[in-house]
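1. have a look at this fold, sequence not included:
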């Protein structure tokens, strides 16, 4: 029955975990040499490529849709990894990890394997569920499944646009020394305080719709977790905890710009008043 994964498929899922864990441990060993755990950011997206490859090889189905899904994962993962590697190259350890290092010292080098690298590996493994469903389940073509597949790909394209363009705009803004301590509120950043995170979220809802077109409705835990991470855990909340101290103009930016979904705060308030 479409949408139901048997035991053999779930065993493949655990093989995906093994591949991700191996990559995480290798990254941890490199971090010990560099004395910088920030490199986990660069390998986070690559963990999904490792999982997708395991799922594809196990499915032994190299049809057009499966290859297309792998390409979508590769494009997303490589762009994000290259961007983060370039952004962090030559920079000191990210301040977020510096705080974690202080909190869990002494013996942070050993502890980091579990609280950072394997923790992110398990998260990536859980979030990879739509890839498992999309790659290992067959596609039964009909109006509904074709519509879901098309919408999923369209969402992926929209998400990639927001994530890629927002990252590029912010990188250009930061490259100008005159913008030091200023707030980026141009381009996509005029409509959302975190358009790159919004794009990331949309990408994973796109992957979910693709999986749903194969009947993998149970993989909805993936985009829900990703949305929560971006909004409440390692994304918006964490970045905005101290940003007003570093950029005084940010408080005014908050008042006029949505945190996540693109749109003016005032415009949203006006819409609420109109529908009250």
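-> In hand now; what should we look at? All values derive from a computational prediction rather than experimental measurement.
2. what's the local residue count around residue 100?
-> Residues lying near residue 100 (other CB atoms under 10 Å) number 18. For the C-beta atoms, the positions are set from N, CA and C on the backbone; glycine is no exception.
3. swap that for residue 102, please
-> Using other CB under 10 Å, residue 102 has 9 other residues around it.
4. so where does it fall, helix or strand?
-> Assessed by DSSP states H and E, residue 102 sits inside helix 95-103.
5. can you give the domain ranges for this structure?
-> Domain segmentation of the chain under automatic domain parsing yields 1-138, 141-276.
6. tell me the contacts of the closest residue to residue 227 other than its chain neighbours?
-> In space, and not counting its chain neighbours, residue 227 is closest to residue 201: 5.3 Å by CB to CB, 6 or more residues apart in numbering. Each residue near residue 201 by CB atoms under 8 Å, 6 or more residues apart in numbering is listed here: 159, 223, 226-227, 230, 260.
7. mind telling me what element residue 201 is part of?
-> Counting by DSSP H and E, residue 201 is part of helix 195-213.
8. so how far is the helix or strand just after the helix holding residue 102 off the chain centroid?
-> On the C-terminal side of helix 95-103, the nearest following helix or strand under DSSP H and E is helix 108-112. Distance of helix 108-112 from its chain centroid, counting by CA atoms, centre = their mean, to the nearest Å, is 24 Å.
9. and what of stretch 68-87?
-> Taking CA atoms, centre = their mean, one finds the center of stretch 68-87 at 10 Å from the center of the full chain.
10. stretch 198-205 now?
-> Its chain's average C-alpha position is 7 Å from that of stretch 198-205, according to CA atoms, centre = their mean.
11. report the buried residues of it.
-> Under the neighbour-count criterion of 16 or more other CB atoms under 10 Å, stretch 198-205 has 198-205 buried.
12. before we move on, what about stretch 15-32?
-> Buried, per 16+ other CB under 10 Å, within stretch 15-32: 16-17, 19-21, 23-24, 27-28, 31.
13. so what's the model's average confidence on that stretch?
-> Mean per-residue pLDDT for stretch 15-32: 97.
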